[in-house]
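S.K.: Give me a 3D structure for the following:
(chains A and B)
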Amino acid sequence: MNTIHIANRRDFLKKAITGAAVLRAGCATALLAAAEQGAALKKSRVVIAHDALLRGTASTVDSRRMLSLLDRAVQALFDRDRPIESWRMLVRPGDMVSLKVNTLGGRGISSNLQLVEAICERLQEAGIKPTDIVIWDRDSDELERAGFHISTGGSRVQCFGTDRVDYEQDLVTHNSIGSRLSKILTQRSNVLINVPVLKDHDGAGVTIALKNMYGVIHNPNKYHPDGCNPYIADLNMLPEIRTRMRLTICDATTAIYEGGPAYKPEHSWKSNALLVSQDPVALDYTGWQIIERKRAEHGLKTLEAEGRAPNYIATAADAEHRLGTNDPARISTVEI
Amino acid sequence: MFRELDVQENRNFGVGGERSLPGCPLDRRSFLRCALASGAALGLSELAPSAAASPVGAAQQKQDDSRFTVEAKFYQKLPNKKIKCKLCPRECNVGDRERGYCGVRENRGGTYYTLVHSRVCAAHVDPIEKKPLFHYLPGTVAFSLATAGCNVNCKFCQNWDISQSRPEQIPADYAPPQRVVDLARQYSCPTIAYTYSEPVVFSEFLMDVADAGHEAGVRSIVVSNGYMQEEALKTAYGKMDAVKIDLKAFSESYYRNVVTGQLKPVLESLVTLRKMGKWTEIVYLVVPTLNDSDSEFRGLAEWIKTNLGTDVPLHFTQYHPEYLLKNLPITPVPTLERAKAIADAEGLHYVYIGNVPGHPAQNTYCPQCRRLLVERVGFTASQMLIRKDSCPYCHHPIPGVWHA
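M.R.: Numbering: from 1, shown residues only, chains lettered A, B, ... in the order given. Reported below is the predicted structural model:
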């Protein structure tokens, strides 16, 4: 992976924008063609934002510092000076935004509450009504066990599981997948923000962005054989998911390098980080490498040596899926 | 509504899908409506469909999970709170807080639980011919029930609404074993049938119901894919009085690609059931182009003849497009007749054609004198001439359990 210096890239973009502004309209077509060509070769950016003092002296995450960490992450991702500018690139007033969190691991290893609060705060600043924001997962009980408060009315941000609204009756299919989708996805959101957790997974190898979509369907148990491959990639191909997905904000404040997806305190570490990207494949690849490094530190075998390398990541990147890139040469990792 | 179900009306019901419910067309919405109606009439208060995309209150929606949760019987504990399921050949390795492939068994802190004990999502009074069991108490009705879940994922599943769902996703209610037995007796059912979804995955429940039923003089029959480990099969189906096995095909590739399972364990189950002395019938759903070759029919018949004998009833049934396999036509009747002709030629004595109303191959004939012994119209045994387990004309023994 290549690591770039964010300031240089921002300067470059500013210059490019300034230059573009003085171009005559007649040049616009040529510029657009060049931009499209450039986009095809563009690297996928994955921002890894750290804050060693995220928790201060307490065990819980400091809300103020979390908001600051999130701001730095999205600003770095979009090369913007102010966080609101970044969020306005993602959403506009009137959008119905859903945050797909991951709460399987209970209090120990679920999407961080302060992170989700920070995202909601910025979404509202970008003009999204609180009632048009839904925090969700499969099951309301799991959300509550993870510390979320169920909210289904009033003028607040909404928070509930698919159990409260059910799945669509009709099946959607793509290759190996035949599933019913959560109505929260299909009827309560036109923008999806994926908020997974960085975790080892006993079957799939790792569970990060792509696998978090298992919480969107009614029958994830059918898609665990063969390391979830090609099921995870096929699932993420569904238009109902692809057209809504705008951003992945992976919670790595606490992460698991062994024994996941359930919480195993003895195999977790306080990473105090967020991984943010618009390319879920690149983000998963990056997260996988982080987990491998942590496993090596603890003298554990690689996931491949254990027979559970997350091969679904390569499948998601292949010519049939093209959900993103797993090529390190095409991933720009920005560490801040 | 269930209480309005009339046994006689059900007997007169025509032919639908292999596992359709009485009065229910094959489409899944109708199926669910029927299931809901059944549940409601059972006094199953929580069988209410959820609202559209507006969240409903927890009390209104939630089932009391704890009532249905019982430690599973067939599994092995592993280090790090993992378990290995020993119920079916899949042998799922299940981590803490995760479920097996069936979706109805969950690892909670290193202990494996079934989530569907007494969690009945469909219940009906069906003619036993509808299972189909043709040589077991013909003309009687079976109190038929299901829970959610299945250990395979057949692309043609008629009942995928319940078989491919997790238990919390479909309406169900608490129907403990004694309640099931009481209902069976109330509706004059000599048998309780475990059917519609896949009884393998609710083995613990069916074992308890079977025990309670036997104490009250009610027998148990199971309609299953037979995809089960030998020990579990012996333990759970050892309590059954009759078994119908869906042998989906006679090729591993079909099992792998269409069923998501394996053929070999199913064949082993059939042999085990034979050794156990269980009355067993076999259904083979003929799917055009996928499992309808002469060689496959011949191989199947040869295998049955060699391993189970010529007296095992074999039903070739008609496929209808459903679930994930909608791009093929309904099985042509000549294809079914070809399958029967091949099996007949191999020497099997009781080869039937199913899901084809009025077809003469729905009837039972004496293999010796060829006279009609049991005439069936739809799912009704309209004429039953077998006396003392024999042909009344030539006295050739006719295998089966013909009288209670």
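
S.K.: end to end, how far does stretch B:85-104 reach?
M.R.: This stretch, stretch B:85-104, spans 12 Å end to end (C-alpha to C-alpha, to the nearest Å).

S.K.: Could you verify my assumption that residue B:392 touches residue B:383?
M.R.: No. At 11.7 Å, residue B:392 does not count as touching residue B:383 under the criterion of C-beta atoms under 8 Å. Where you see a C-beta, it was placed from the backbone N, CA and C, and this is true even at glycine.

S.K.: Near chain A, which residues of the stretch 301-404 of chain B are found?
M.R.: Those residues of the stretch 301-404 of chain B that sit near chain A, judged by C-beta under 8 Å from any C-beta of the partner chain, are B:323, B:324.

S.K.: Closest residue of the stretch 301-404 of chain B to chain A?
M.R.: Going by C-beta to the nearest C-beta, chain A is nearest to residue B:324 of the stretch 301-404 of chain B, at 4.5 Å.

S.K.: Could you check how many residues crowd around that residue?
M.R.: Neighbour count of residue B:324, defined by other C-beta atoms under 10 Å in any protein chain shown: 17.

S.K.: Need phi/psi at it.
M.R.: Residue B:324 adopts backbone torsions of phi -100, psi 0, taken as degrees, to the nearest 10.

S.K.: which residues does it contact?
M.R.: A:171, A:173, A:178, B:155, B:156 (C-beta atoms under 8 Å, 6 or more residues apart in numbering or on different chains).

S.K.: For residue A:118, give its distance to residue A:87.
M.R.: As for residue A:118, its distance to residue A:87 is 11 Å (criterion: C-beta to C-beta, to the nearest Å).

S.K.: who does the longest helix seen in chain A touch, helix- and strand-wise?
M.R.: For chain A, the longest helix by residue count, based on DSSP state H, is helix A:280-297. Helices and strands touching helix A:280-297, as assessed by 3 or more C-beta pairs under 8 Å, 6 or more residues apart in numbering or on different chains; DSSP states H and E, comprise strand A:44-50, strand A:197-201, strand A:205-207, strand A:245-256, strand A:268-277, helix A:312-317, strand A:331-335.

S.K.: Would you state the helices of chain A in chain order?
M.R.: Taking DSSP H as the criterion, chain A carries its helices at A:6-21, A:28-41, A:63-78, A:83-90, A:113-125, A:140-145, A:183-188, A:231-236, A:239-242, A:280-297, A:312-317.

S.K.: Quick check, residue A:236 in contact with residue A:214.
M.R.: No. Residue A:236 lies out of contact with residue A:214 (C-beta under 8 Å); the separation is 10.1 Å.

S.K.: which of the two has more neighbours?
M.R.: residue A:236 (27 against 22).

S.K.: list the contacts for the more buried one?
M.R.: With contact taken as C-beta under 8 Å, 6+ apart, residue A:236 is in contact with A:210, A:213, A:242, A:280, A:316, A:321, A:323.

S.K.: What of residue A:135?
M.R.: Shown in contact with residue A:135 (C-beta under 8 Å, 6+ apart): A:98, A:99, A:101, A:116, A:120, A:143, A:148, A:157, A:158, A:159.

S.K.: Tell me, how many residues neighbour the first one?
M.R.: As a burial measure, residue A:98 scores 23 neighbours (other C-beta under 10 Å).

S.K.: nearest spatial neighbour of it, skipping sequence neighbours?
M.R.: Once flanking residues are discounted, residue A:98 sits nearest to residue A:189: 3.5 Å by C-beta to C-beta, 6 or more residues apart in numbering or on different chains.

S.K.: Need the contact partners of stretch A:99-109.
M.R.: The contact list for stretch A:99-109 (C-beta under 8 Å, 6+ apart) reads A:110-111, A:116, A:119-120, A:133-137, A:139, A:142-143, A:145-148, A:185, A:192-197, A:199, A:207, A:212-213, A:215-216, A:254-256, A:260-263, A:265, A:268, B:97.

S.K.: go again using 6 Å as the cut-off
M.R.: A:110-111, A:135, A:137, A:142-143, A:145-147, A:193-197, A:212, A:254, A:256, A:261-263, B:97 (C-beta atoms under 6 Å, 6 or more residues apart in numbering or on different chains).

S.K.: Quick one, which of those are buried?
M.R.: A:110-111, A:135, A:137, A:142-143, A:146, A:193-197, A:212, A:254, A:256, A:261-263, B:97 (16 or more other C-beta atoms under 10 Å in any protein chain shown).

S.K.: Check which element follows the longest strand seen in chain B along the chain.
M.R.: Longest strand in chain B by number of residues (criterion: DSSP state E): strand B:279-286. Following strand B:279-286 in sequence order, the next helix or strand is helix B:294-307 (DSSP states H and E).

S.K.: Give the rounded mean pLDDT of that following helix.
M.R.: For helix B:294-307, the mean per-residue pLDDT is 98.

S.K.: which strands and helices sit next to the next helix or strand after that helix?
M.R.: Note on helix B:294-307: by DSSP H and E, the next helix or strand toward the C-terminus is strand B:314-318. If you count contacts as 3 or more C-beta pairs under 6 Å, 6 or more residues apart in numbering or on different chains; DSSP states H and E, strand B:314-318 packs onto strand B:279-286, helix B:333-345, strand B:351-354.

S.K.: pLDDT (mean, whole number) over the helix or strand that the shortest one is followed by?
M.R.: Secondary structure here is assigned by DSSP H and E; on that basis, the next helix or strand after strand B:351-354 toward the C-terminus is strand B:364-365. When pLDDT is averaged along strand B:364-365, the result is 98.

S.K.: tell me which residues in stretch A:298-313 are buried?
M.R.: Within stretch A:298-313, the residues scored as buried using 16+ other C-beta under 10 Å are A:300, A:303, A:308, A:309, A:310, A:311, A:312, A:313.

S.K.: Now do that stretch: everything it contacts.
M.R.: Residues from elsewhere that reach stretch A:298-313, judged by C-beta under 6 Å, 6+ apart: A:204-206, A:227-229, A:232-233, A:258, A:284-285, A:288, A:292, A:326.

S.K.: pLDDT (mean, whole number) over that stretch?
M.R.: Averaged over stretch A:298-313, pLDDT sits at 97.

S.K.: Now do the end-to-end distance for stretch A:101-118.
M.R.: Note: stretch A:101-118 ends 13 Å apart using C-alpha to C-alpha.

S.K.: Before I go, just wanted to say thanks for your time.
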